[in-house]
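Trainee: Predicted coordinates and the sequence they were generated for:
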Amino acid sequence: MKEWEHLTSVEEMEAATAALLETGKKVGADSWQQRVKNQTPHCGFGEAGTCCRICSMGPCRITPKAPRGICGCDVHGIVGRNYLRFTAGGAATHSDHGRSICHTLYATREGGNYQVKDPEKLKRIAKEWGIETEGKDIYDLAHEVAETGLMEYGKPFGTQRFLKRAPESRQKIWHEAGIEPRAIDREVSQSMHMTHMGCSSLPEALIRQSLRAGLSDGWGGSMMGTEFSDVLFGTPKPVDTEANIGVMEKDMVNIIVHGHDPSLSEMIVFYAQDPEMIALAKAEGAKGINVAGVCCTSNEVAMRHGIPMAGNFLQQENVVLTGACEAIVVDVQCIFPALGPLSKCFHTKFITTSPIARMPDSDFIEFHEDSAGENAKAIVKMAVENFKNRKAELVNIPQLKQKATVGYSVEAIKKCLDGVTNSHVDALGTTKPLIDCVKAGVLRGAVAMVGCNNPKIRPDTAHIELMKKLLKNDIILIVSGCSAQAAAKAGLMDKRAAQYCGEGLKRVCKLVDIPPVLHMGSCVDISRMMVLAADIAKDWGIDIAQVPVVGCAPEWMSEKAVSIGNYVVATGIDTFLGVNPYTKGSTEVEGLLQGSIRDWVGANFTVELDIEKMGDLMVEAIEEKRKALNI
Ligand code: MSK
C-alpha cells in the first residue's frame with residue numbers, strides 16, 4: 001500500500017474549497033481568500049511590532065531615522081510592550097471563558113439545565129483545594145467549588161491553586177523567576193498597567209510579566225475551564241466521529257455550532273435530539289437534524305458526544321458556502337464577522353448568543369444559564385423552520401470526510417495505558433507504561449501540537465506535514481484546537497494511520513488500541529497537556545523541562561495562542577512557532593524569547609517559518625533531551 005494512502009490530501013481539501021468559492025461567486029459572497037489579497041502587503045511596522053499607539057502623541061513608528069518614540073521609548077520597549085499586550089489579550093480571553101464555566105457550575109441544580117455529570121472529578125478537585133466533601137450534597141459542593149474558583153480571579157493574596165499540580169521543582173522555578181501567577185484578573189490588569197504610557201519599557205520586565213500572565217491562563221483560567229467543563233458535561237473518553245465538510249447532510253437540517261464555550265453547544269446538541277424537534281424537522285421535509293461543529297466548540301462536543309467536525313478556523317465560511325447550513329450558532333472567539341454578510345447571501349441564519357461577541361447581520365438570542373434550555377430550543381426551532389428556505393440550486397456538500405477517534409483526556413489516556421499493563425497503581429492510573437516506552441526508545445518522545453490556521457501558511461499543510469514527519473520518527477502527537485481538526489480531517493486520527501508510523505509507535509498504537517495522534521480537546525484544553533506533562537515528570541522523578549516533549553503551533557494566529565505559548569514555555573516545554581509573534585523588530589525581545597528565558601524556566605521559543613526545518617529541529621530537541629537523560 002502506498003504511504004499515507006487513505007489520508008485526505010490538502011489538495012483535495014483545496015479543490016473542495018474552490019468548488020464552494022464558485023458557489024460564493026454566484027451569490028456575490030466575499031471570502032477570506034479575497035480579503036487576504038486586499039490586505040496584502042501587510043504593514044511592515046505592524047509585522048515587526050515597531051509601531052506604538054499606546055498614547056495619542058503618536059502613532060510612533062521606529063525607523064533608523066527615528067529610533068525612539070516621542071516619549072523616548074526605544075524599539076525594544078515598544079516591541080516588548082506590544083508583546084505583553086498581545087499576551088494579556090489572550091490570557092483575558094481564555095480566562096474569561098473559564099469564568100463563564102465557573103458560573104455555569106454555580107448554576108447547576110438537580111433536574112436543572114445544567115447538572116453535575118462527573119461527581120467524582122468534582123470531589124477530587126474539592127479535596128485538592130482543601131474543601132470538605134464528606135456528607136455534602138453534590139450541588140452544594142459544586143456551588144462551593146465554583147465560588148472558590150471564581151475567587152481565583154480576584155483574590156487579593158496568594159497564588160493560583162492549580163500551581164500545586166506541577167512538580168515541586170517547577171514550582172520552585174516559578175517562584176525564583178518571580179512569575180507565579182497571583183489572581184488571574186490581577187495579572188491581566190497589571191499587564192495593561194505595565195504597558196501604559198510612562199510605565200515599563202524594560203524588555204526583561206515585560207517578558208517576565210508575559211510569562212506570568214500566560215501562566216495565569218494555563219494554570220488558572222484555562223485549567224478551570226477544562227476541569228469544570230468535565231465536571232459539568234463529563235470527562236471525555238475515546239469516541240468515534242467523523243471530520244471534514246462532508247459531515248454536513250444534504251437531506252437534514254444542518255446546525256453548525258462554532259466558538260468555544262460548551263455551555264451553549266451542549267444544550268444545542270441536547271435539543272437537536274428532542275423528539276419534538278425531530279418531528280418538526282420531518283414535518284418541514286427534512287430527514288432529521290444534524291449538528292456539526294467548527295473550531296473549538298467542535299472539539300468540545302466531538303470529545304463528549306461524537307458530534308462530527310465540519311472544519312477548523314479557515315473552513316468556517318465553507319459551511320455556509322455549502323448552501324445547506326440552516327443555522328450557524330456561535331458563542332465567543334474565532335468567529336469571523338464575515339459570517340453575517342455571508343449568511344445573507346444564503347438562507348443561513350447567523351445566530352449570535354453572547355454579549356461578548358455581538359456582530360452585525362446576526363440574529364441575537366442571548367444565552368443565559370438559567371434559561372439555557374428555552375434559548376437552545378428556540379435556536380433549534382429557528383434552524384428547523386429555516387430548512388424550507390434552502391435554495392436547492394446552491395447546495396453543494398463536497399464529499400470529503402474521514403473517520404476519527406477522539407476524546408483523550410488525561411484520565412482516558414491513563415485508562416488506555418492501564419488496560420494494557422493492568423498496572424492499576426491507583427484509581428486514576430499512571431503514566432508509567434508511557435514513560436517505560438520512552439525510556440526503552442520505542443517512543444522517542446511527544447509533540448504537543450496546537451493552534452489555529454493562518455492564511456500566512458497554506459491552510460493545514462504545516463499541521464499535517466509536521467505530524468507525518470514526527471510519526472515516522474516514533475514521536476507521538478497530542479493535539480488540540482484547530483490543529484486537532486486538521487489531523488482529523490486528514491485521517492490521522494483514524495487508528496489505521498498507525499500503519500504508516502515508525503515501528504515503535506506502530507507497536508504502541510496497536511497494543512494500546514489508539515490512533516497515533518491523540519485528540520486532547522479545545523484550546524483551553526491545552527491545560528490537559530500541562531497536567532499530563534506534570535504527571536509524567538512526577539511519575540518519572542524529573543522536572544518537566546527534562547521530559548522529551550516539545551510544543552508546536554505551526555499555523556497560530558490569535559492572541560490566545562501567544563498566551564498559550566508563554567505558559568507552555570514557562571512550564572518548561574520548548575515551543576516552536578511557524579508564525580512570528582510581531583517581535584522581529586527587537587533583537588532584545590527576540591533574544592529573550594528565543595534565547596535567555598531558558599535561564600529562567602528551562603525552555604524557550606523557536607520561530608521557524610520553514611516547516612521542513614521546524615520538523616528537524618523538533619526531532620533534534622527531543623533527541624537532545626533523551627541524551628541528557630542518558631536514554
Ligand atoms: S479555535 S484560537 S483558531 S485553535 Fe480555539 Fe482554532 Fe486557534 Fe481559535
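Mentor: Good, I have the coordinates.
Trainee: so how far is residue 368 from residue 244?
Mentor: 34 Å (C-beta to C-beta, to the nearest Å). No exception for glycine: its C-beta is placed from N, CA and C like everyone else's.
Trainee: Between these two, which has more neighbouring residues?
Mentor: More neighbours surround residue 244 than the other of residue 244 and residue 368, with 28 against 12 (other C-beta atoms under 10 Å).
Trainee: Distance of the more buried one relative to residue 89?
Mentor: Residue 244 is 31 Å from residue 89, where distance means C-beta to C-beta.
Trainee: cool, residue 402 as well?
Mentor: From residue 402 to residue 89 the distance is 34 Å (C-beta to C-beta).
Trainee: Residue 396 too?
Mentor: 37 Å.
Trainee: and if you look at residue 115?
Mentor: 33 Å.
Trainee: Name the residue of the stretch 501-631 of the chain with the shortest distance to the ligand.
Mentor: Closest residue of the stretch 501-631 of the chain to the ligand, C-beta to the nearest ligand atom: residue 523 (3.6 Å).
Trainee: Contacts only, for that residue.
Mentor: 94, 222, 260, 296, 450, 451, 480, 481, 560, 561, 564 (C-beta atoms under 8 Å, 6 or more residues apart in numbering).
Trainee: near the ligand too, which of those residues?
Mentor: Restricting these to those near the ligand by C-beta under 6 Å from any ligand atom leaves 260, 296, 451, 481, 560, 561.
Trainee: Contact partners for the first one?
Mentor: It stands for residue 260. 97, 295, 296, 297, 300, 331, 332, 333, 334, 522, 523, 524.
Trainee: helix or strand for it, which one?
Mentor: Under DSSP states H and E, no helix or strand contains residue 260.
Trainee: Would you list the phi and psi of residue 258?
Mentor: The phi and psi values for residue 258, taken as degrees, to the nearest 10, are phi -150, psi 140.
Trainee: For the closest residue to it other than its chain neighbours, grab the count of nearby residues.
Mentor: Nearest non-adjacent residue to residue 258, counting by C-beta to C-beta, 6 or more residues apart in numbering: residue 294, 4.1 Å away. The number of residues packed near residue 294 is 27, by other C-beta under 10 Å.
Trainee: so of the contacts of residue 260, which ones are in helices?
Mentor: 97, 295, 296, 297, 300 (DSSP state H).
Trainee: burial measure for the fourth one, as a count.
Mentor: If I follow you right, that is residue 297. Other residues near residue 297 come to 30 when the count uses other C-beta under 10 Å.
Trainee: and it, what pLDDT?
Mentor: pLDDT for residue 297: 97.
Trainee: these two touch, right, it and residue 256?
Mentor: No: assessed by C-beta atoms under 8 Å, residue 297 is found out of contact with residue 256, at 9.2 Å.
Trainee: Any residues of the stretch 401-550 of the chain in contact with the ligand? List them.
Mentor: Residues of the stretch 401-550 of the chain lying near the ligand (C-beta under 6 Å from any ligand atom): 451, 452, 481, 482, 522, 523.
Trainee: Now for the second one: which residues touch it?
Mentor: Translated: residue 452. 312, 313, 334, 481, 482, 483, 553, 555, 556, 557, 558, 561.
Trainee: Model confidence for the residue of the stretch 501-631 of the chain closest to the ligand, exactly?
Mentor: pLDDT, residue 523: 96.
Trainee: what's the distance between it and residue 99?
Mentor: 16 Å.
Trainee: mind listing what the closest residue in space to residue 457 that isn't next to it in sequence touches?
Mentor: In this structure, residue 457 finds its nearest non-sequential neighbour in residue 555, 4.7 Å apart by C-beta to C-beta, 6+ apart. Residues in contact with residue 555 (C-beta under 8 Å, 6+ apart) are 451-454, 457, 459-460, 462-463, 482-483, 486, 578-579.
Trainee: run the last query once more with 7 Å
Mentor: By C-beta atoms under 7 Å, 6 or more residues apart in numbering, the contact list for residue 555 reads 451, 452, 453, 454, 457, 462, 463, 578.
Trainee: swap in residue 358?
Mentor: By C-beta under 7 Å, 6+ apart, the contact set of residue 358 is 352, 364.
Trainee: Next, it: secondary structure please.
Mentor: State at residue 358, reduced to three classes by DSSP: H, G, I helix; E, B strand; the rest coil: coil.
Trainee: How about residue 150: what's its closest non-neighbour residue?
Mentor: residue 102 (4.9 Å).
Trainee: tell me the mean pLDDT for the helix or strand the one you found falls within?
Mentor: Element membership of residue 102, judged by DSSP H and E, is helix 75-106. Averaging pLDDT along helix 75-106 yields 98.
Trainee: The following helix or strand past that helix - contacts with which helices or strands?
Mentor: Note on helix 75-106: by DSSP H and E, the next helix or strand toward the C-terminus is helix 119-128. Under the contact criterion of 3 or more C-beta pairs under 7 Å, 6 or more residues apart in numbering; DSSP states H and E, helix 119-128 touches helix 138-151, helix 222-233.
Trainee: Tell me the gap between helix 119-128 and the middle of its chain.
Mentor: The chain centre lies 24 Å from the centre of helix 119-128; the measure is C-alpha atoms, centre = their mean, to the nearest Å.
Trainee: Only alpha carbons, please: show it as CSV.
Mentor: Extracted in CSV, the C-alpha atoms of helix 119-128 (Å, rounded to 0.1, in the frame of the first residue of the first chain):
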residue,chain,number,x,y,z
PRO,A,119,-19.3,14.0,40.6
GLU,A,120,-16.0,12.1,41.3
LYS,A,121,-14.0,14.6,39.4
LEU,A,122,-15.7,17.4,41.4
LYS,A,123,-14.9,15.7,44.7
ARG,A,124,-11.2,15.2,43.6
ILE,A,125,-10.9,18.9,42.8
ALA,A,126,-12.6,19.9,46.1
LYS,A,127,-10.2,17.7,48.0
GLU,A,128,-7.2,19.2,46.1
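Trainee: angle of it against helix 138-151?
Mentor: 50 degrees (axes from the mean of the first three to the mean of the last three C-alpha atoms, to 10 degrees).
Trainee: Counting neighbours, which bits of helix 119-128 end up buried?
Mentor: Going by neighbour count (16 or more other C-beta atoms under 10 Å), the buried part of helix 119-128 is 121, 122, 123, 124, 125, 126.
Trainee: what does that helix contact?
Mentor: Contact with helix 119-128 is made by 116, 133, 138, 141, 142, 145, 227, 230, 231, 235, as judged by C-beta under 7 Å, 6+ apart.
Trainee: can you rerun that using 8 Å?
Mentor: Under the contact criterion C-beta under 8 Å, 6+ apart, helix 119-128 has outside partners 116, 132-133, 138, 141-142, 144-145, 161, 164-165, 227, 230-231, 235.
Trainee: What about these, which one has the most neighbours?
Mentor: residue 231 leads these on contacts (other C-beta under 10 Å) with 29 neighbours.
Trainee: This structure against the ligand: which residues are in contact?
Mentor: Counting by C-beta under 6 Å from any ligand atom, the chain sits next to the ligand at 260, 295-296, 312-313, 334, 451-452, 481-482, 522-523, 558, 560-561.
Trainee: Of the residues you listed, which belong to strands?
Mentor: Within the residues of the chain next to the ligand, no residue falls in strands by DSSP state E.
Trainee: Relative to residue 58, which of the residues you listed is nearest.
Mentor: Closest approach between these and residue 58, by C-beta to C-beta: residue 558, at 25.4 Å.
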